[in-house]
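# sequence-free structure coming up:
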């Protein structure tokens, strides 16, 4: 057999050993793999996988030389997908894809996939966030963790969290226990943030404090993560539980700004044994420093959504010490800003305007999202093809409305299981920039987030077209008759 004929035969046989892969699935399995420089060097073209996803393949265009490369990724000893083989200098993507698939076939036929993936620098053992040690009784487990671990419909979130934890958890010996018990909300928030920062094409280093150092060829900054927790005493212990529009307005005007104020001012004042605040530590000196906050102060119930779906308006009021009102004049939307002096609830008062507090000039921005939840991890898993059989996943909410006269977001509803559905970690990220910042955080550092800033006394926003303001998910378990009806409707 001639060389050309042998090559063509190999390429034909190789088609049985790999298949095209959804970008969303590839992204979940490789969240920690890409380096920040790849955003400038490569344009990804196609994604491939062997049966069972034991090997992954990538074809990309080198943006410098305008030629193509392929890469084979395999799990290392810890279980993380990393580059194990690479070839460059292909003239077009078709040739690169053919050679990639032949390479994957040859690796599989050798039967040494585990050895192929070994990198030689693995220092940790694989960590399973869902392994419960025998001495940890059910009554010690967080109720959300029990739901996540036990419910069949939560399989997508379990898969995603298990993949992310391979990168995040080994660096922190306390991660798994806290995730399973008293620190569930905080740890889930950190997982979400890590995934979002990686999606922003940042190299993310876990620190003792602040929590993250984020770097790319264009930026170097640190982030401390915190959450709004339930009040166990004091003036805020009695939760308002607003029911009417008037009660909700009062709740967002005073109670929630005070709830956000607690953890934010705590981070502003916290120092280590040497007396250094977050921005004074070696990793943060002379760089932007941000605080990332999420609202977990009240659990959702079967009858009521968690307040986190709508509390972001209270956050920016507290940060900037300003409230807005709007009205129409001759069909033109007029927005007015009003200065706020303080917030008061149940006899307690705090000054408004976090960014105006002493030392707050060292906080470059406050990052917020209402999406660091189990539902988000479920949706990302379903979009990657990890949906649980017999379950439906639906999303309803409000997205950015580009109409200049709009005063509310645009309503949407989607079937997350739709093959064309796409979702990103960063879609709900909001960045509130400090007008007094000593080291401003460039907008480009978190490109794709919604950015808010004050200019000439007015709150301004730069919002991506696909930004989601708030949403909630419905998880539905189908009966046999419902599955048949759904199948007919799709057919």
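All right, it came through fine. Predicted model, so just to flag it, every value in this text is computed and none were measured.
# any idea where the helices of this protein begin and end?
For the chain, applying DSSP state H gives helices covering 3-14, 23-29, 38-41, 93-110, 113-117, 143-150, 155-168, 175-180, 184-199, 245-250, 256-269, 312-320, 374-383, 480-490.
# most tightly surrounded among those?
helix 374-383 (a mean of 26; mean count of other CB atoms under 10 Å). For every residue, glycine as well, the C-beta is placed using N, CA and C.
# which strands and helices sit next to it?
Counting contacts by 3 or more CB pairs under 8 Å, 6 or more residues apart in numbering; DSSP states H and E, helix 374-383 packs against helix 23-29, helix 143-150, helix 155-168, helix 184-199, strand 391-399, strand 468-477.
# cutoff 6 Å now
Secondary-structure packing of helix 374-383 (3 or more CB pairs under 6 Å, 6 or more residues apart in numbering; DSSP states H and E): helix 155-168.
# Mean pLDDT for the helices of the chain - can I get that in TSV?
Formatted as TSV, those follow (pLDDT from 0 to 100):
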stretch	mean pLDDT
helix 3-14	88
helix 23-29	97
helix 38-41	89
helix 93-110	96
helix 113-117	92
helix 143-150	96
helix 155-168	94
helix 175-180	92
helix 184-199	97
helix 245-250	90
helix 256-269	96
helix 312-320	91
helix 374-383	97
helix 480-490	51
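# Tabulate those helices (CSV), appending distance to residue 230.
Converted to CSV, the helices of the chain look like this (distance: least, CB to CB, whole Å):
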stretch, distance to residue 230
helix 3-14, 56
helix 23-29, 31
helix 38-41, 39
helix 93-110, 50
helix 113-117, 44
helix 143-150, 13
helix 155-168, 23
helix 175-180, 17
helix 184-199, 10
helix 245-250, 19
helix 256-269, 9
helix 312-320, 16
helix 374-383, 18
helix 480-490, 36
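# out of the ones you listed, nearest to residue 429?
Closest to residue 429 of the helices of the chain, according to CB to CB: helix 184-199, at 5.8 Å.
# Count the neighbours of the closest residue to residue 353 other than its chain neighbours for me.
Nearest non-adjacent residue to residue 353, counting by CB to CB, 6 or more residues apart in numbering: residue 321, 2.7 Å away. Applying other CB atoms under 10 Å, we find 20 residues neighbouring residue 321.
# ok, residue 321 - contacts?
340, 352, 353 (CB atoms under 6 Å, 6 or more residues apart in numbering).
# Which of those residues ranks first by neighbour count?
Busiest of those [other CB under 10 Å] is residue 352, holding 23 neighbours.
# neighbouring contacts of stretch 339-353?
Contacts to stretch 339-353, defined as CB under 6 Å, 6+ apart, come from residues 235, 254, 255, 257, 258, 261, 318, 321, 322, 323.
# Leaving out the residues flanking it, which one is nearest to the third one?
By that I understand residue 255. Leaving out its chain neighbours, the residue that sits closest to residue 255 by CB to CB, 6+ apart is residue 345, at 4.9 Å.
# ok, what's across the strand from the residue found closest to residue 413 once you drop the neighbours it is linked to in the chain?
Using CB to CB, 6+ apart and skipping residues adjacent in sequence, the residue nearest residue 413 is residue 396, 4.5 Å away. Here residue 396 sits in beta bridges with residue 413, residue 472, as judged by DSSP bridges.
# quick one: residue 396 and residue 412 touch, right?
No: Residue 396 lies out of contact with residue 412 (CB atoms under 6 Å); the separation is 7.2 Å.
# Which two of the contacts of stretch 339-353 have the greatest separation?
235 and 322 (23.6 Å).
# can you list the domain ranges for this structure.
Here the domain parsing of the chain from automatic domain parsing is 3-117, 127-491.
# ok, of those domains, where does mean pLDDT dip lowest?
If you rank these by mean pLDDT, domain 127-491 sits at the bottom with a mean of 89.
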